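Colleague: sequence plus the predicted model coming up.
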Amino acid sequence: MATGGSLTRVTLGRAGPDGKLVMKTYRLDKFIKEGDLANNPVVGPDDVVYVDTSKGITINTLGNVLSSALLLNSLRRL
């Protein structure tokens, strides 16, 4: 399971009438903040949900950078 998902874009994949995959992107942040029901997907049993990863610095990214910096600093002192 990946971490760092974003609510900005969530894409729902569903089989269309012809059996081909139909993709629709939703903005869950608009549903949560503004109550925009058009951006609240109804997920069915055979649907696939894709969640974009966050861009920029996240807590996980910051933790990794700090850990690496501390390790490099420790090695430099040896």
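Modeller: It's in. Numbering: from 1, shown residues only.
Colleague: please enumerate the strands of the protein.
Modeller: Remark: strands assigned in the chain by DSSP state E are 5-15, 21-26, 48-53.
Colleague: want to throw those into CSV with mean neighbour count?
Modeller: Placement of C-beta: from N, CA and C, glycine included. What follows is those, written out as CSV (neighbours: other Cβ atoms under 10 Å):
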stretch, mean neighbour count
strand 5-15, 15
strand 21-26, 12
strand 48-53, 12
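Colleague: distance to Gly35 and mean pLDDT for these - can I get that in CSV?
Modeller: Converted to CSV, the strands of the chain look like this (distance: least, Cβ to Cβ, whole Å; pLDDT from 0 to 100):
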stretch, distance to Gly35, mean pLDDT
strand 5-15, 14, 79
strand 21-26, 14, 90
strand 48-53, 21, 80
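Colleague: quick one: which of the ones you listed is nearest Ile32?
Modeller: Between Ile32 and the strands of the chain, the shortest gap by Cβ to Cβ is with strand 5-15, which sits at 6.8 Å.
Colleague: what strands line up against that closest one, and which way round?
Modeller: Sheet pairing of strand 5-15 (DSSP bridges) gives strand 21-26 (antiparallel), strand 48-53 (antiparallel).
Colleague: the ones you listed: which one's closest to Ala38?
Modeller: Comparing the strands paired with strand 5-15 by Cβ to Cβ, strand 21-26 comes nearest, at 8.2 Å.
Colleague: now the strands of the chain as CSV including distance to Pro41?
Modeller: Converted to CSV, the strands of the chain look like this (distance: least, Cβ to Cβ, whole Å):
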stretch, distance to Pro41
strand 5-15, 5
strand 21-26, 5
strand 48-53, 8
